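A.B. asks: what's the 3D shape of this:
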Amino acid sequence: MIDMRSLYEHSDYPLALQNFNSSTPKKWSKFQGVHLAVTKNKCPICECTLIDHLLTRPSNKSGKPPVQIIPTVDHYRPKMHYPFLEFQHMNYILMCSECNNIYKKSEFPLFGAHAARATNFAQLATEQPLIANPISDDIFNLFKVVTRRLPNSRKVLELTPKHDTGYFYEKALETIKLFGIGDCEINAHSNANIKALRINLLRSHFSIFENFINAYLHNDVNKMRIETEEKNLNSYGFFQLILKNQVEKLT
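C.D. replies: Below you'll find the predicted structure:
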């Protein structure tokens, strides 16, 4: 997951906000460019690339062309549950179309057995969302990086909760489950094509980071530097988490 907490300080954000406010009807896609600049053209959740070589998967509908995974900007708190936030720019978040439309959809669970959903701005402060928002949440207090071997012996790079109990644990765990970015065979989508795409992406992440991880485990700083430069690893949230020793098992 990519840390986006610098979004509102980005030099392009005021212009994006101005373009949004002057559009009729208001189009939250006006924020796509600045969101992509902050995420270095990746989905902040699954970290797939959102420019150039876009991911595709077979369509769920017979005879239809492959589905291309594209950048989308939509609501962190879904407008069906929070209509008063429909045009609130700080409620918008970039995701790939798979994370947004297939995994998250209109899901927005809250912490607590009897949690009340906010009906106005003032009540938002009392909510404890169970879906991480990389724009406002400290992802380094939620997640660690873990490598895991699948039953077919291939390895994946995933996220796991940093904490063992409490709200932050529940928030990290629910996010991981919802998006299938940890324990990917257990938290897999019921559709085989969607499941395969997510697992293959996490396998690809491991492949990209494999040499860096080996260098990290052996404290080979020079090799780490070479891998980082050659593969542009500093554009990944995984990279930042590893550098902060937010790791559980990398062997």
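
A.B. asks: burial of the closest residue to L85 other than its chain neighbours, as a residue count?
C.D. replies: In this structure, L85 finds its nearest non-sequential neighbour in N91, 4.4 Å apart by C-beta to C-beta, 6 or more residues apart in numbering. C-beta: built from backbone N, CA, C; applies to glycine. Residues within reach of N91, counting by other C-beta atoms under 10 Å, total 20.

A.B. asks: Contact partners for N91?
C.D. replies: With contacts taken as C-beta atoms under 8 Å, 6 or more residues apart in numbering, N91 has the following neighbours: 75-77, 82, 85.

A.B. asks: OK, contacts around the spatially most central residue of the chain?
C.D. replies: To find the centre residue of the chain, average its C-alpha atoms and take the closest one (C-alpha atoms, centre = their mean): that gives I45, at 0.7 Å. For I45, the residues meeting the contact criterion (C-beta under 8 Å, 6+ apart) are 1, 95-96, 99, 134, 179, 181.

A.B. asks: Tell me the one among those nearest to H35.
C.D. replies: Taking C-beta to C-beta as the measure, M95 is the one of the contacts of I45 closest to H35, at 9.3 Å.

A.B. asks: so is the closest one in a helix, a strand, or just coil?
C.D. replies: Assigned with DSSP: H, G, I helix; E, B strand; the rest coil, M95 falls in the strand class.

A.B. asks: and the gap between it and N60?
C.D. replies: The gap separating M95 from N60 is 19 Å, by C-beta to C-beta, to the nearest Å.

A.B. asks: Name the residue in these two with the higher neighbour count.
C.D. replies: The neighbour count for M95 versus N60, taken as other C-beta under 10 Å, is higher for M95 (25 against 12).

A.B. asks: Tell me the spacing between the more buried one and I131.
C.D. replies: Computed with C-beta to C-beta, the distance linking M95 and I131 is 11 Å.

A.B. asks: where do the contact lists of those two overlap?
C.D. replies: Counting by C-beta under 8 Å, 6+ apart, the common neighbours of M95 and I131 are K104.

A.B. asks: quick one: contacts for V146?
C.D. replies: For V146, the contacting residues are 157-160, 182, 247-250, taking C-beta under 8 Å, 6+ apart as the criterion.

A.B. asks: Just the buried residues out of the residues you listed, in ChimeraX syntax.
C.D. replies: Burial among those is assessed by 16 or more other C-beta atoms under 10 Å; the matching ChimeraX selection reads:
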select :157,158,159,160,182,247,250
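
A.B. asks: ok, the contacts of V146 vs L55, which is closest?
C.D. replies: L157 (16.0 Å).

A.B. asks: The closest one is in contact with T147, isn't it?
C.D. replies: Yes. Judged on C-beta atoms under 8 Å, L157 makes contact with T147 at a distance of 5.7 Å.

A.B. asks: Overlap in contacts, those two.
C.D. replies: With contacts defined as C-beta under 8 Å, 6+ apart, the residues adjacent to both L157 and T147 are F206.

A.B. asks: Please, where are all the strands along the stretch 101-250 of the chain?
C.D. replies: Shown for the stretch 101-250 of the chain, the strands assigned by DSSP state E, counting those that start in this stretch span residues 143-149, 155-161, 247-249.

A.B. asks: Paired strands for the first one, with orientation please.
C.D. replies: Strand 143-149 has the following sheet partners, assigned by DSSP bridges: strand 155-161 (antiparallel), strand 247-249 (parallel).

A.B. asks: so which of those gets nearest L233?
C.D. replies: Go through the strands paired with strand 143-149 one by one with C-beta to C-beta and the one that ends up closest to L233 is strand 155-161, at 11.5 Å.

A.B. asks: Run the chain-centre distance for that closest one.
C.D. replies: Taking C-alpha atoms, centre = their mean, to the nearest Å, the mean C-alpha location of strand 155-161 is offset from the chain mean by 13 Å.
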